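# just a sequence and a predicted model for now, questions to come.
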Amino acid sequence: MTSHAVPGAPAIADYALLGDSQGAALVSRAGSIDWWCAPRFDSRSSLGRILDPEAGHWSLGPAGPADADRVYVPGTMVVETTFTTSSGRVRLRDALALEPGARDHAIGLRSPHTIVRVLEGLEGSVDVAMELVPRTEYGLVVPELVEDGGLVRTFGGADRLLLRAGGPVRVGRDRVDMSATVRRGDVLSLALRHRLGGADGDDEVVEPVAALEDAIAAWRSWAAHHDGYRGYAWQPVRRSAFVLQALTYAPSGAIVAAPTTSLPEIVGGEDNWDYRFAWLRDASLTLEALSIATCPDEAEHHFAWMARAAAGAERDGGLQIVFGLEGERDLTEHTLPHLRGYRGSTPVRVGNDAWRQTQLDVYGEILASAHILRDGLADMDDITRRFLVTVADLAAERWREPDAGIWEARGPERHYTSSKAMCWVALDRALAMADLLEAGDDRRRRWDRERGRIHETVVREAWCEEVGAYTGAFGSDHLDASVLLLPLIGFLPADDPRMRRTIDVIARDLATGGLVRRWTGAEDGGFVICSFWLADCLARAGDVERAVEVFEEVWGHANDVGLLAEQIDPRDGTQVGNFPQGLSHVGLISAACSIDRARGAAGAQDATGRGPRTVGGGEAPAPVA
């Protein structure tokens, strides 16, 4: 297979995610941690080699050639890599530590911001090497290193790193090295803690082996309470549930779109964005996926964050679409010109100016989210109730206006089909909850009247007879995969004649295999969630065999530990964009559930007699002890 990737950093799919529900790290198949942001997802990186060869890394593994096989330890977010050399085998387990003793919904509330690495000899003997090159503040700071009291400490800048190594190390001015021969039964353990340099507190670093075992127990306690889904593609769904939990900032309930910034949509291009924030646009899809794959607690926690973050933001007639992890509103974007970018993809951006955009679809996301959780909102407070009513009123007022659309176009605003349809959702769900919202008769009549007008307008203005499909914007002849949302949100049934024609035209003209580009003429790759939307729509239209084919095609591009980026290059299957992408895994969960419902039997085999390929070394569907 020909590769179109630019030489340099490992492929994006080469990485696995480590998470502690506050921050994230990425570790390559070769055992190099090339991305780590602590104490939060959106913090300055302390290890950033994925964006520049000189921006810091922490590598551990065989000193010479080796084959690597890896899995997530079943029921966890702990990565296990087995290296095989000509002289022996070693096993490396990597994790972000959790608070000792934290279990189930308490994981991530007080994480110690520490990477733990435990390497164990399995067979023969293997020469191994460790290299820690700390480069804090996105590689701007080259800290001094000092060995003191069994720890190696960094000095310089606002971030401090503390290394606890289970063996003798060589401390240079700006890096730490270790060499060892590991034989069967030998254990080499290390821990690297981050803390803010000016913060009060001690410099204690966890014992790595104990912290690793505790992290395994913690994740399995969470898994044992979140294993209700047993339907089609249960293994991908289960792994996706872990990804969403790892992308959750547990102290607030916010879920980041991805744990990375500026991994490019096109390698070598300029469409490089910071996704380490929480978008209201993704809310209802995410809440539905959480309800399927986890439990109501996660969905309710996320909704509570959303209501807190967004309340009051509607007072000027608008509503911000993306917030920081604690609800911060100023996400002003700037570039980091000292970084060369992933495989030369510049600029590297921090912050995201989408917070300034108008996206009318957000009204529908908020009301749809509340509707999903309506049974648990009987005792909602007056502030939340007033907020939801105001959002519905804004949808009724503003649906006729142009906006930036779901893809956050940075050009002129337009009348986007999906934005209008989501305003319809806002009013439809508000009417369904009218008693809960204590809406008066006049308000209900207005909501109902505008809901009907939106539906009539979209059906008329978004249809393009020449194309034979609903298009992305009124008066346009360009296809847009976002119209696949229409059946998913209940705006039109998937088997409506025009909607079914639209699904088929998108499958014909925007898809390569099962990989769906976002719009006519798009130069980037197949957008993963759009591809799962296609599978979802086909299942809802009753074409289950094709739905399974599309699902399997997309899932076949997941990496060896079941992670998906934002996009996939249909030329060679390369994953591109920020990684792993929460919305890609949200789409997977929803499409799998729709296929399962359409087939009418949870856990049935697919049309070929095979279930989708497994992840995590055959992780069983039974509850994890």
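Thanks, I have the structure now.

# mind checking how far whichever helix in the chain runs longest is from the chain centre?
Counting residues, the longest helix in the chain under DSSP state H turns out to be helix 441-461. Offset of helix 441-461 from its chain centre (Cα atoms, centre = their mean, to the nearest Å): 34 Å.

# next one: stretch 257-268
12 Å.

# quick check: mean pLDDT of that stretch?
What stretch 257-268 shows for mean pLDDT is 95.

# buried residues of that stretch, list them for me.
Within stretch 257-268, the residues scored as buried using 16 or more other Cβ atoms under 10 Å are Ala257, Ala258, Pro259, Thr260, Thr261, Ser262, Leu263, Pro264, Glu265, Ile266, Val267. C-betas here are computed from N, CA, C, even on glycine.

# wait, which of those is closest to Leu280?
Among those, Ala257 lies closest to Leu280 (Cβ to Cβ), at 11.2 Å.

# ok, Arg175 - how many residues close by?
Residues within reach of Arg175, counting by other Cβ atoms under 10 Å, total 16.

# that one against Glu131, yeah?
Yes - with contact defined as Cβ atoms under 8 Å, Arg175 counts as touching Glu131 (6.4 Å).

# what about Cys537, distance to Gly231?
Distance, Cys537 to Gly231, by Cβ to Cβ, to the nearest Å: 18 Å.

# the two - which one has more neighbours?
Cys537 (29 against 18).

# and that one, that's in a strand?
No - counting by DSSP: H, G, I helix; E, B strand; the rest coil, Cys537 is not part of a strand but helix.

# tell me the confidence at it?
The model's pLDDT for Cys537 equals 98.

# list the contacts of it.
Leu484, Pro487, Leu488, Ala494, Ile503 (Cβ atoms under 8 Å, 6 or more residues apart in numbering).

# what residues are up against Glu549?
Counted by Cβ under 8 Å, 6+ apart, Glu549 has contacts Gly514.

# from what I see, Gly472 and Ser482 are in contact.
Yes - counting by Cβ under 8 Å, Gly472 touches Ser482, with 6.3 Å between them.

# joint contacts of these two?
Gly405, Tyr416, Thr417, Ser418.

# tell me which two of the residues you listed sit farthest apart.
Pairwise over the shared contacts of Gly472 and Ser482, using Cβ to Cβ, the maximum falls at Gly405 and Thr417, 8.9 Å.

# in whichever strand or helix holds Arg500, what's buried?
For Arg500, the element it lies in under DSSP states H and E is helix 497-509. Within helix 497-509, the residues that count as buried by 16+ other Cβ under 10 Å are Arg498, Met499, Arg500, Thr502, Ile503, Asp504, Val505, Ile506, Ala507.

# quick one: which of these is nearest Gly577?
Nearest to Gly577 among these, with distances taken as Cβ to Cβ, is Ile506, at 20.3 Å.

# what does the pLDDT read for the closest one?
Taking Ile506 on its own, its pLDDT is 97.

# now do it against Thr332, distance only.
From Ile506 to Thr332 the distance is 36 Å (Cβ to Cβ).

# try Cys464
With Cβ to Cβ as the criterion, Cys464 and Thr332 are 38 Å apart.

# more crowded one of the two?
The neighbour count for Cys464 versus Thr332, taken as other Cβ under 10 Å, is higher for Cys464 (19 against 10).

# how near is the more buried one to Ala409?
Distance from Cys464 to Ala409, by Cβ to Cβ: 19 Å.

# now the helix holding Arg500: how far from the chain's centre is it?
With Cα atoms, centre = their mean, you get 28 Å for helix 497-509.

# how about stretch 465-474?
With Cα atoms, centre = their mean, you get 31 Å for stretch 465-474.

# show me the contact partners of that stretch.
Contacts of stretch 465-474 (Cβ under 8 Å, 6+ apart): 405, 414-418, 461-464, 477-480, 482-483, 486, 498-499, 501-502, 505-506, 519.

# the inter-axis angle of the helix holding Arg500 versus helix 441-461?
50 degrees (axes from the mean of the first three to the mean of the last three Cα atoms, to 10 degrees).

# ok so, going back, which members of the buried residues of stretch 257-268 are the farthest-apart pair?
Farthest pair in the buried residues of stretch 257-268, by Cβ to Cβ: Pro259 and Ile266, 20.6 Å.

# report the next helix or strand after the helix holding Arg500 in sequence order.
strand 511-512.

# sheet partners, orientation included, of that following strand?
strand 515-516 (antiparallel) (DSSP bridges).

# show the subsequent helix or strand relative to the longest helix of the chain.
strand 463-464.

# now that following strand: average pLDDT?
On average, strand 463-464 scores 98.

# check which element follows it along the chain.
strand 469-470.

# Leu486 against Ala421, yeah?
Yes - assessed by Cβ under 8 Å, Leu486 is found in contact with Ala421 at 5.9 Å.

# list the buried residues of the lengthiest strand in the chain.
The strand spanning the most residues in the chain, taking DSSP state E as the definition, is strand 114-133. Neighbour-count burial for strand 114-133, counted by 16+ other Cβ under 10 Å, picks out 114-122, 125-126, 128, 130-133.

# can you pick out the most distant pair from these?
Thr114 and Ser125 (29.1 Å).

# where's Arg160, which helix or strand?
Applying DSSP H and E, one finds Arg160 within strand 159-165.

# dump that strand to PDB, keeping only the CA atoms.
The C-alpha trace of strand 159-165 is given here as PDB (Å, rounded to 0.1, in the frame of the first residue of the first chain):
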ATOM      1  CA  ASP A 159       6.200  23.600  35.400                       C
ATOM      2  CA  ARG A 160       8.100  21.100  37.500                       C
ATOM      3  CA  LEU A 161       8.700  17.500  36.800                       C
ATOM      4  CA  LEU A 162       9.900  14.900  39.300                       C
ATOM      5  CA  LEU A 163      11.300  11.500  38.200                       C
ATOM      6  CA  ARG A 164      11.400   8.500  40.500                       C
ATOM      7  CA  ALA A 165      13.500   5.800  38.900                       C
END
